[in-house]
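Undergrad: Need the 3D shape of this:
(2 chains)
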Amino acid sequence: DGGITQSPKYLFRKEGQNVTLSCEQNLNHDAMYWYRQDPGQGLRLIYYSQIVNDFQKGDIAEGYSVSREKKESFPLTVTSAQKNPTAFYLCASNGGGDGTEAFFGQGTRLTVV
Amino acid sequence: EDQVTQSPEALRLQEGESSSLNCSYTVSGLRGLFWYRQDPGKGPEFLFTLYSAGEEKEKERLKATLTKKESFLHITAPKPEDSATYLCAVQAGGGGNKLTFGTGTQLKVEL
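TA: Numbers count the residues shown, from 1 in each chain, chains lettered A, B, ... in the order given. As a prediction, this is how the structure comes out:
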């Protein structure tokens, strides 16, 4: 089945540690996105990539980093510089054309302990 | 700056009691307005895309409509399984086809 796979589902991080969230898609989509979701807030865009080896900052990129070495993969690293990393992280992809819907993974819940 | 406002924040309905959710938006060059359903602890599930004012789309008990300033998600004779958070998002021209989301409407349908 085609889709987007995020792993792990739950992740615990100690203060000062970097952690990497995985996102893989087999939909052959060019564009991929990372969003953060906090209670009572809408999804906020962290980073996005329209093509391999290229990515742009979203609205809340500080404290995060990404790479796009393969079309299928768009990992997100939450660095120790991110002041409030506890949140629900969602990865999405779409075909890249205007007006095309994005499909989401099932999310990773990151908790700082 | 693109903005999306959803209302109400929360809605409680009795089974069979029809209602509408609102999504007001301001965007430069709308390329698409999207509705998603999100269950607790899950990723959003795509429902509809609307492209131009006057357009309507239906799926089971859901019907989405679009004007130049807002979209409505009408729920006819809802069932408890329709309980979820409904998210609205817009896509503007340029900018990598990214979506700008509203904060959602949390719907609970009771027996």
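Undergrad: Check the burial of residue 69 by counting its neighbours.
TA: All of this refers to chain A. 10 (other C-beta atoms under 10 Å in any protein chain shown). Where you see a C-beta, it was placed from the backbone N, CA and C, and this is true even at glycine.
Undergrad: could you do chain B instead?
TA: The burial count for residue B:69: 10, using other C-beta under 10 Å.
Undergrad: Tell me what the closest residue to it other than its chain neighbours is bridged to.
TA: Residue nearest to residue B:69 in three dimensions, not counting chain neighbours: residue B:24, with 6.3 Å by C-beta to C-beta, 6 or more residues apart in numbering or on different chains. Counting by DSSP bridges, residue B:24 is bridged to residue B:5, residue B:70.
Undergrad: Test my guess that residue B:24 contacts residue B:4.
TA: Yes - with contact defined as C-beta atoms under 8 Å, residue B:24 reaches residue B:4; the gap is 7.4 Å.
Undergrad: Looking at these two, which is more packed in?
TA: Under the criterion of other C-beta under 10 Å, the comparison of residue B:24 against residue B:4 puts residue B:4 first, with 23 against 15.
Undergrad: What's the separation between the more buried one and residue B:102?
TA: According to C-beta to C-beta, to the nearest Å, residue B:4 and residue B:102 sit 4 Å apart.
Undergrad: Between those two, which contacts overlap?
TA: A:42, B:23, B:88-89 (C-beta atoms under 8 Å, 6 or more residues apart in numbering or on different chains).
Undergrad: ok, and the most crowded of those?
TA: Among these, the one with the most neighbours (other C-beta under 10 Å) is residue B:88, at 31 neighbours.
Undergrad: Pull the contacting residues for that one.
TA: Residue B:88 touches B:4, B:6, B:23, B:25, B:33-36, B:71, B:73, B:101-102, B:104, counting by C-beta under 8 Å, 6+ apart.
Undergrad: and the lowest-mean-pLDDT helix or strand in chain B, is it in reach of chain A?
TA: Least confident helix or strand, chain B: strand B:99-101 with a mean of 93, by mean pLDDT, DSSP states H and E. Yes - if you take C-beta under 8 Å from any C-beta of the partner chain as the test, strand B:99-101 does meet chain A, through B:99-101.
Undergrad: tally of neighbours for the nearest residue to residue A:79 once chain neighbours are set aside?
TA: Leaving aside its chain neighbours, residue A:79 sits nearest to residue A:18 (5.0 Å; criterion: C-beta to C-beta, 6+ apart). Look at residue A:18: counted by other C-beta under 10 Å, it has 12 neighbours.
Undergrad: quick revisit: I'd like to know which of the contacts of residue B:88 is nearest to residue A:57.
TA: residue B:101 (17.4 Å; C-beta to C-beta).
Undergrad: so the closest one bridges to which residues?
TA: Applying DSSP bridges, one finds that residue B:101 bridges with residue B:89.
Undergrad: show me the contacts for it.
TA: A:35, A:42-44, B:4, B:87-89.
Undergrad: Let me have these in TSV, extended by pLDDT.
TA: Below are the contacts of residue B:101 laid out as TSV (pLDDT from 0 to 100):
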residue	pLDDT
A:35	98
A:42	87
A:43	95
A:44	96
B:4	96
B:87	98
B:88	97
B:89	96
